[in-house]
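Asks: Pasting the sequence and the predicted model now:
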Amino acid sequence: MSYKLLFVCLGNICRSPAAENIMNYLIEQNGQTLGDRIICDSAGTSSYHIGSPPDRRMTAAALQKLGIKLRGHARQFQKSDFQDFDLILAMDRENYDDILSLDLTGQYQHKVHLMCDFCSQHTLKEVPDPYYGGSEGFNQVIELLLDACGGLLQYVCNQEVTRESL
Ligand code: 4NP
C-alpha cells in the first residue's frame, strides 16, 4: 500500500515543486523501502504556468542549498486529486482556501493541511510566495520546506504504522 502526498501552491513552479523534490530527497536519504511507499506530486491552483519547469531561481536555490535538481512540469490542481491523494499540503492560506472551494460537500477537508503545520523549528504559518522577491526569499522557502518535510515524513511514517496495525 502506498501513501500519496500532493503539494500545492499558486503557480506550481516555485514552492510546491520544491516541496515535492525536497520530500523525495528526504525519502531517498531514509532508504529505498520508503521510496516505494510514499509517492509525491505537486500542482498549482492556477493555470498560469501549466507545462513549465520549476522557476530557475527556485532551481538555483535548491541546487545551492541542498545539491538537488528540481524535476517536474507544472499542472493545475483538479477535483480528482481529492480522491487520488491521501494528504494535500497547501503552501499558504490562499492556496488552502482555493483548494477547499472545490470541495463542495466538505468531504475531503480532512485531507487538506497547511504545510507549515508540520514545521518544528520555524514559527511561520505559511510558506511565503517568493515569486516577486529576491533570492533571499527562495532560500527561505528551502529552509522552511526542509523543516516541514521532515515533520511530514515523521507524521506519514507514524500513520503508516497505524494503518498496518489496523
Ligand atoms: P508558486 O509561485 O505559487 O510558489 O509557484 C508563483 C509562481 C507564479 C506566480 C505567482 C507565484 N505568478 O503570479 O505567475
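Replies: Yep, that arrived.

Asks: Ser120 touches Gly151, doesn't it?
Replies: Yes: judged on C-beta atoms under 8 Å, Ser120 makes contact with Gly151 at a distance of 5.3 Å. The C-beta positions use only the backbone N, C-alpha and C, and glycine is treated the same way.

Asks: out of the two, which sits in the more crowded spot?
Replies: Gly151 (16 against 9; other C-beta atoms under 10 Å).

Asks: Kindly provide the distance from that one to Gln121.
Replies: Separation of Gly151 from Gln121 (C-beta to C-beta, to the nearest Å): 9 Å.

Asks: which bits of this structure sit near the ligand?
Replies: 9-15, 48, 129, 131 (C-beta under 6 Å from any ligand atom).

Asks: CSV for these, including secondary structure?
Replies: Below are the residues of the chain next to the ligand laid out as CSV (DSSP: H, G, I helix; E, B strand; the rest coil):
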residue, secondary structure
Cys9, strand
Leu10, coil
Gly11, coil
Asn12, coil
Ile13, coil
Cys14, coil
Arg15, helix
Tyr48, coil
Asp129, coil
Tyr131, coil
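
Asks: Farthest-apart pair in these, please.
Replies: Maximum pairwise distance among those (C-beta to C-beta): 13.7 Å, between Arg15 and Tyr48.

Asks: Who has more neighbours out of the two?
Replies: Taking neighbours as other C-beta under 10 Å, Arg15 and Tyr48 compare with Arg15 leading, 34 against 13.

Asks: give me every residue that touches that one.
Replies: 7, 9, 58, 91, 127, 129-130, 141, 145 (C-beta atoms under 8 Å, 6 or more residues apart in numbering).

Asks: okay, now the residue in the chain that the ligand sits nearest to: neighbour count?
Replies: Distances between the chain and the ligand by C-beta to the nearest ligand atom are smallest at Gly11, namely 2.7 Å. Residues lying near Gly11 (other C-beta under 10 Å) number 22.

Asks: What's the separation between it and Gly106?
Replies: 26 Å.

Asks: Same question for Gly133.
Replies: 34 Å.

Asks: just so I have it, where are all the helices in the chain?
Replies: Ranges of helices in the chain, per DSSP state H, are 15-29, 32-37, 56-66, 81-84, 93-100, 135-164.

Asks: so what does the helix or strand of the chain with the lowest mean pLDDT touch, helix or strand wise?
Replies: One helix or strand of the chain scores below all others by mean pLDDT, DSSP states H and E: helix 32-37, with a mean of 78. Applying 3 or more C-beta pairs under 8 Å, 6 or more residues apart in numbering; DSSP states H and E, we find helix 32-37 packed against helix 15-29.
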